[in-house]
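# could you look at this predicted model? Sequence included:
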Amino acid sequence: MFHVRLSHPSDFDAWRDAARTALELGIAPEDMTFTAGDDAPGLFAEPLPPPSASPRQITVAKAFPDLARAILCHSDPERFLLAYRLLHRLQREKKLLEIASDTDVLKAMEMEKAVRRDSHKMKAFVRFREIELDDGTKRYVAWFEPFHHIVERTAPFFARRFAGMVWSILTPLRSAHWDGEGLSFGPGASASDRPKDDDMEALWLTYYASIFNPARLKVKAMQAEMPKKYWHNLPEAVLIDPLIKGAEAAQRRMLDTAPTLPSLRHERQAERDPMAKVEETANGGTNQPRTLDEARAEAKACRACPLWEPATQTVFGKGPEGAPVIFVGEQPGDQEDLAGEPFVGPAGKVFDEALAAAGIDRAQAYVTNAVKHFKFVPRGKRRIHQKPSMGEVKACRFWLELERDIVRPKLVVALGATAAASVLGKTVTIRDTRSRLMDLDPATKLLVTVHPAYILRLPDPEAQAAETKAFAEDMARVRAFVPEIALRG
Ligand code: URA
């Protein structure tokens, strides 16, 4: 019997080296044992001999390395051996991983799923709290209790998302630390190490209350998604009971004001394989969403470019289906990303003021963006807006085209060069195109103007006043071409 001791419970690199050596030496799975950390090996086990100087090339099914990586994060003590048994069998049974009824394959798939789910929960439920160290520096610390050994696997997500913060995630099994430049891992912590309340709590409570949608409330499903186990780490959990209690009345109010919800058929389909559906839509498949609600529900799963990952959510357009005008911005900003609606932050205020000056009713227009996810770089606690690349604009363009197909407006207004590039499918300058009504297709005109954020950023108050006036004049052109958009009463 041979024994391999791994340095920690999800030490994939050490497992892979040992598994290669064991395979090379022809050791059968039943003659191998593995332990991790300080766990004691069996009484009669001897260490694995060193690898040969010229190891033979091992080939495995393409899917195996990722599967083995995931299996090794599971809490089942048999995981190392299962992964080795699969590797051993794969040498002769090349198509083994395709046999879903095989006991080893079935177990491996279940373990992979459990690990993925645990990792997803960690991404969703980790809440950092700010603490001040003795030297006055700030640090963010979160406490989380995973079921499996997923800290190493999931920490890179937080490093990307919170690159500008110095943080630690403590769990009973292992801890992860980010110093702004690199990740390191250490032993587990005890619950008493976790920090207590801080002022970010209030922000979370407001955020949670604002995204709570009573019409979608399924208490059982919600508790399955957000098991009570996690609640004590979530500041917003204190809101769950009062929100559930108030949901019935709120739902009645919502039904009065918001008549359509995505169809059940569509929701079920999207739940099964959301990105497959998105790809079908992007590729012009026959089963396209037919309503804005269907499109909006589908866009939630969009991963057509990498911007989906650090963003809070897809920010789809807002407005009625038959709107005569579509306003297109660049991409959601910080506040839009949190609220899930376009143009609700500072640029939205400039936009609203210009619409009001022109007597346009925003509620009758459809407002959207060329890119539907917020692109930013983290700086301390702030998220700084980054201009989307042309690749990102192109990747997102099918959503805008779908919105246009469904809304069928008389006029599209491009707010800024990114929006104009997305609408036209080519780059143009604002100087060459501004304020003219151009033909987009036989039924639709295009008007290009500046982006409201451009006006906000002008340092000179006189230039700002002149641009505000010019922007309001463009909005007046919109109203003149589409008089039915005017404020009533
Ligand atoms: N800027 C945009 O282009 N769109 C928004 O929704 C907000 C800011």
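Thanks, I have the structure now. Keep in mind the model is a prediction, meaning the values are calculated, not measured. Residues are numbered from 1 along each chain as shown.
# point out where the stretch 51-200 of the chain drops to low pLDDT.
Applying pLDDT under 70 to the stretch 51-200 of the chain flags the ranges 193-200.
# which single residue of it ends up nearest the ligand?
residue 161 (20.4 Å; CB to the nearest ligand atom). Where C-beta positions appear, they are placed from N, C-alpha and C, glycine not excepted.
# need the contact list for the nearest residue to that residue once chain neighbours are set aside.
In space, and not counting its chain neighbours, residue 161 is closest to residue 310: 4.8 Å by CB to CB, 6 or more residues apart in numbering. When contacts are counted by CB atoms under 8 Å, 6 or more residues apart in numbering, residue 310 is found next to 160, 161, 376.
# turn those into TSV, columns for neighbour count and secondary structure.
Below are these laid out as TSV (neighbours: other CB atoms under 10 Å; DSSP: H, G, I helix; E, B strand; the rest coil):
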residue	neighbour count	secondary structure
160	12	helix
161	16	helix
376	19	strand
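# about what we covered before: helix, strand or coil for the residue nearest to residue 161?
coil (DSSP: H, G, I helix; E, B strand; the rest coil).
# now the one 4 residues further on
Of the three states, residue 314 takes coil under three-state DSSP.
# same deal with residue 117?
Assignment for residue 117 (three-state DSSP): helix.
# start at 47 instead
Renumbered: residue one is now 47, and that last one reads residue 163.
# now it: how far from residue 170?
11 Å (CB to CB, to the nearest Å).
# quick one on the thing from earlier: and of the contacts of residue 356, the nearest to residue 512?
Closest to residue 512 out of the contacts of residue 356 is residue 422 (29.9 Å), distances taken as CB to CB.
# tell me the bridge partners for that closest one.
residue 431 (DSSP bridges).
# repeat for residue 490
If you apply DSSP bridges, the partners that residue 490 bridges to are residue 487.
# any idea how far the residue nearest the centre of the chain is from residue 501?
Centroid-nearest residue in the chain, with CA atoms, centre = their mean: residue 355, separated by 3.6 Å. Noted for residue 355: a distance of 31 Å to residue 501, by CB to CB.
# over to residue 121?
In terms of CB to CB, residue 121 sits 55 Å off from residue 501.
# now residue 204, what's its secondary structure?
Going by three-state DSSP: residue 204 is helix.
# same thing with the one 10 residues further on?
Applying three-state DSSP to residue 214 yields a three-state assignment of strand.
# in this structure it contacts residue 221, no?
Yes. Between residue 214 and residue 221 there is a contact under CB atoms under 8 Å: 6.1 Å.
# show me what whichever residue of the stretch 247-396 of the chain sits closest to the ligand is bridged to.
The nearest approach of the stretch 247-396 of the chain to the ligand comes at residue 375, 2.8 Å away (CB to the nearest ligand atom). Residue 375 has these beta-bridge partners by DSSP bridges: residue 415.
# contacts only, for it.
Residue 375 neighbours (CB under 8 Å, 6+ apart): 388, 389, 393, 413, 414, 415, 416, 461, 462, 465, 497, 498.
# turn the residues you listed into TSV, including pLDDT, neighbour count and distance to residue 112.
As requested, the contacts of residue 375 are exported to TSV (pLDDT from 0 to 100; neighbours: other CB atoms under 10 Å; distance: CB to CB, whole Å):
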residue	pLDDT	neighbour count	distance to residue 112
388	98	26	37
389	98	25	40
393	97	25	41
413	98	24	41
414	98	26	36
415	98	28	34
416	98	26	34
461	98	27	42
462	98	20	41
465	97	26	39
497	98	22	42
498	98	24	45
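# which of those come close to the ligand?
Among the contacts of residue 375, the residues within reach of the ligand (CB under 6 Å from any ligand atom) are 388, 389, 393, 415.
# for residue 184, see how far away the first one is.
For residue 388, the distance to residue 184 equals 32 Å [CB to CB].
# so residue 367, which state does it fall into?
Here residue 367 is recorded as coil under three-state DSSP.
# leaving out chain neighbours, which residue sits closest to it?
With CB to CB, 6+ apart, the residue lying closest to residue 367 is residue 338, at 5.6 Å.
# pretty sure the one you found contacts residue 368?
No. With contact defined as CB under 8 Å, residue 338 does not count as touching residue 368 (10.4 Å).
# who's more crowded, these two?
residue 338 (23 against 11; other CB atoms under 10 Å).
# which residues touch that one?
So residue 338 contacts 362, 363, 367, 449, 452, 453 (CB under 8 Å, 6+ apart).
# quick one: residue 522 from residue 531, how far?
11 Å.
# close to the ligand: what parts of the protein are there?
Counting by CB under 6 Å from any ligand atom, the chain sits next to the ligand at 375-379, 382, 388-389, 391, 393-394, 415, 499.
# and those as a markdown table, adding secondary structure?
Below are the residues of the chain next to the ligand laid out as a markdown table (three-state DSSP):
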| residue | secondary structure |
| --- | --- |
| 375 | strand |
| 376 | coil |
| 377 | coil |
| 378 | coil |
| 379 | coil |
| 382 | helix |
| 388 | coil |
| 389 | coil |
| 391 | coil |
| 393 | helix |
| 394 | helix |
| 415 | strand |
| 499 | helix |
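# okay, now the domains of this structure?
Per the record, the chain has its domains at 48-167, 172-239, 247-302, 313-531, by automatic domain parsing.
# highest average neighbour count across the ones you listed?
Greatest average neighbour count among those goes to domain 313-531 (a mean of 18), per mean count of other CB atoms under 10 Å.
# pull the distance from it to the chain's centre.
19 Å (CA atoms, centre = their mean, to the nearest Å).
# stretch 228-242 now?
So, by CA atoms, centre = their mean, the centroid of stretch 228-242 is 25 Å from its chain's centroid.
# can you give me the helices in the stretch 397-535 of the chain?
436-453, 463-470, 476-479, 498-503, 507-527 (DSSP state H, counting those that start in this stretch).
# also the stretch 247-396 of the chain?
265-271, 286-303, 310-318, 320-328, 338-345, 380-385, 392-404.
# mind listing what residue 513 touches?
496, 500, 501, 504.
# ok, of those residues, which one's closest to the ligand?
residue 500 (10.1 Å).
# and the residue nearest to the centre of the chain, what pLDDT?
Note for residue 355: predicted pLDDT of 89.
# now do the contacts for it.
With CB under 8 Å, 6+ apart, residue 355 has these contacts: 203, 206, 207, 349.
# grab the nearest non-local neighbour of the second one.
So that's residue 206. Spatially, and ignoring its direct neighbours in sequence, residue 206 is nearest to residue 356 (6.2 Å; CB to CB, 6+ apart).
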